[in-house]
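Undergrad: Predicted model and sequence below, questions to follow.
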There are 4 protein chains.
Amino acid sequence: MEHHNHTNVVNRLKSVSGHINGIITMLEEDRYCIDIIKQIQATQAALARVSEIILENHLDTCLTTAIRGDDPNERERVLAEVMEVFRTENRTK
Amino acid sequence: MEHHNHTNVVNRLKSVSGHINGIITMLEEDRYCIDIIKQIQATQAALARVSEIILENHLDTCLTTAIRGDDPNERERVLAEVMEVFRTENRTK
Amino acid sequence: MEHHNHTNVVNRLKSVSGHINGIITMLEEDRYCIDIIKQIQATQAALARVSEIILENHLDTCLTTAIRGDDPNERERVLAEVMEVFRTENRTK
Amino acid sequence: MEHHNHTNVVNRLKSVSGHINGIITMLEEDRYCIDIIKQIQATQAALARVSEIILENHLDTCLTTAIRGDDPNERERVLAEVMEVFRTENRTK
């Protein structure tokens, strides 16, 4: 991954990790369930954004290289992988 | 779209359309809310499956052609479109 | 369901049904895949909104009545149903 | 929250936190994008499960108490909160 994206993604994941530790503290302090659920939903949205950045980078680099390459199996493989990611996203949170 | 996929997708959409008319009847018969919601969720799942089939076809045809082509703007355009579809899926149901 | 909500929901479902017929026409006219997928995503969002309206109505009426009632099995049943709806929403589109 | 659920939820969140640190390591080791995205999707599914457990507990306790109570504003408030959680889930990942 390009350096700029790499740092961006690592920082976002570190922030999610800190967020989750904060949610554990909320649980230990017996905070209101709904407030805790909202924080969990916020971390899910943050993770969704991270997936988007990584996928965008992947399409621009690995996938483009494979599709422009001469190996039809490799082309099929990268497209099947993207479909699998889409399918999981499409069917689950 | 390839003939086989085309027919498959049209049939699935016709089935969803019939399903939705059935849900309207359930409402008119004052059926139990939860049963109605479950039927709506079933149509949403059926539509998600249709999107997957169309996207898979798109990746194998238009996207592959554009990426193997010589126009970098066109390559960028098709990848941005796929990201937009993914982003919408990722953020909404 | 209260009359106002009932009409609102039926009208929204009729509109989704019309929208899906429009998508079938787009397919028959061989329109661009990505444009078709975007229309499908729009119908999914419209259906999600319908589920919300029905669920909101359900919580205010049947669920409230059951929980304020004297039958603990009935209370458990309505809560389990709401969790099942949430779980499906949570895991699928 | 009941002791058993509390421990269960805290353990699940600690496991997600560890999982995310593992993903950061994958990024630092320049692992394949698609493998990283799959791991992120796994953490999103784990967080979705945590929300479900907390919501289920909330419905059985706070919501049931409020709805069986005498304050109509309080009843309205807890139902509106549950709808807000559902709506967020319904519209985003």
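TA: Happy to help now that I have it.
Undergrad: Next, work out how far apart the residue most central in space within chain A and residue D:38 are.
TA: With distances taken as CA atoms, centre = their mean, residue A:51 lies nearest the centre of chain A, 2.2 Å away. The gap separating residue A:51 from residue D:38 is 10 Å, by CB to CB, to the nearest Å. No exception for glycine: its C-beta is placed from N, CA and C like everyone else's.
Undergrad: Ramachandran coordinates for residue A:32?
TA: Backbone torsions of residue A:32, given as degrees, to the nearest 10, read phi -60, psi 130.
Undergrad: Okay, buried residues for the worst-scoring helix or strand of chain A on mean pLDDT please.
TA: Using mean pLDDT, DSSP states H and E, helix A:72-91 stands out as the lowest-scoring helix or strand of chain A, at a mean of 92. Neighbour-count burial for helix A:72-91 flags A:75, A:78, A:79, A:81, A:82, A:83, A:85, A:86, A:87, A:88, A:89, A:90 (criterion: 16 or more other CB atoms under 10 Å in any protein chain shown).
Undergrad: quick one: low-confidence parts of chain A?
TA: Low-confidence segments of chain A (pLDDT under 70): A:92-93.
Undergrad: 90 instead?
TA: For chain A, applying pLDDT under 90 flags the ranges A:1-5, A:88-93.
Undergrad: returning to what we had before: point out the other helices and strands that the helix or strand harbouring the residue nearest to the centre of chain A packs with.
TA: Counting by DSSP states H and E, the element that carries residue A:51 is helix A:33-58. Under the contact definition 3 or more CB pairs under 8 Å, 6 or more residues apart in numbering or on different chains; DSSP states H and E, helix A:33-58 sits against helix A:3-28, helix A:72-91, helix B:72-91, helix D:33-58, helix D:72-91.
Undergrad: Please produce a markdown table containing the ones you listed, extended by distance to residue C:11.
TA: Shown next, in a markdown table, are those (distance: least, CB to CB, whole Å):
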| stretch | distance to residue C:11 |
| --- | --- |
| helix A:3-28 | 41 |
| helix A:72-91 | 28 |
| helix B:72-91 | 24 |
| helix D:33-58 | 31 |
| helix D:72-91 | 20 |
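Undergrad: ok, for residue A:32, nearest residue in space, not its chain neighbours?
TA: In this structure, residue A:32 finds its nearest non-sequential neighbour in residue D:62, 7.8 Å apart by CB to CB, 6 or more residues apart in numbering or on different chains.
Undergrad: just checking, that neighbour touches residue A:33?
TA: Yes: applying CB atoms under 8 Å, one finds residue D:62 in contact with residue A:33, separated by 6.4 Å.
Undergrad: Looking at the two, which one has more neighbours?
TA: In this view residue D:62 and residue A:33 are compared by other CB atoms under 10 Å in any protein chain shown, and residue A:33 has more residues nearby, 24 against 16.
Undergrad: Quick check: chain neighbours aside, which residue is closest to that one?
TA: residue D:58 (3.9 Å).
Undergrad: Can you report how many residues neighbour the one you found?
TA: Applying other CB under 10 Å, we find 21 residues neighbouring residue D:58.
Undergrad: so who does it touch?
TA: Residue D:58 makes contacts with A:33, A:34, A:37, D:82, as judged by CB atoms under 8 Å, 6 or more residues apart in numbering or on different chains.
Undergrad: now these in a markdown table, with distance to residue D:19?
TA: A markdown table is the format used below for the contacts of residue D:58 (distance: CB to CB, whole Å):
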| residue | distance to residue D:19 |
| --- | --- |
| A:33 | 23 |
| A:34 | 25 |
| A:37 | 20 |
| D:82 | 28 |
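Undergrad: Closest to chain B out of these?
TA: Closest approach between the contacts of residue D:58 and chain B, by CB to the nearest CB: residue D:82, at 14.1 Å.
Undergrad: wait, that closest one sits on residue D:63?
TA: Yes: Residue D:82 is in contact with residue D:63 according to CB under 8 Å; the separation is 6.6 Å.
Undergrad: what sits in contact with each of the two?
TA: By CB under 8 Å, 6+ apart, no residue touches both residue D:82 and residue D:63.
Undergrad: still on that earlier bit, what comes up buried for the very next helix or strand once past the helix holding residue A:51?
TA: Next helix or strand after helix A:33-58 toward the C-terminus (DSSP H and E): helix A:64-68. Going by neighbour count (16+ other CB under 10 Å), the buried part of helix A:64-68 is A:64, A:66, A:67.
Undergrad: again, but for stretch A:32-43
TA: Residues of stretch A:32-43 classed as buried by neighbour count (16+ other CB under 10 Å): A:33, A:34, A:36, A:37, A:38, A:39, A:40, A:41, A:43.
Undergrad: got CSV for these, with distance to residue D:15 too?
TA: Shown next, in CSV, are the buried residues of stretch A:32-43 (distance: CB to CB, whole Å):
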residue, distance to residue D:15
A:33, 20
A:34, 23
A:36, 17
A:37, 18
A:38, 21
A:39, 17
A:40, 14
A:41, 19
A:43, 14
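Undergrad: ok, back up a step: near chain C too, which of the buried residues of helix A:72-91?
TA: Contacts with chain C are made by residue A:90 out of those, judged by CB under 8 Å from any CB of the partner chain.
Undergrad: List just the nearest of the buried residues of helix A:72-91 to chain C.
TA: Proximity of the buried residues of helix A:72-91 to chain C (CB to the nearest CB) peaks at residue A:90, which lies at 5.8 Å.
Undergrad: just checking, the closest one touches residue B:52?
TA: Yes: the criterion here is CB under 8 Å, and residue A:90 meets it with residue B:52 at 6.2 Å.
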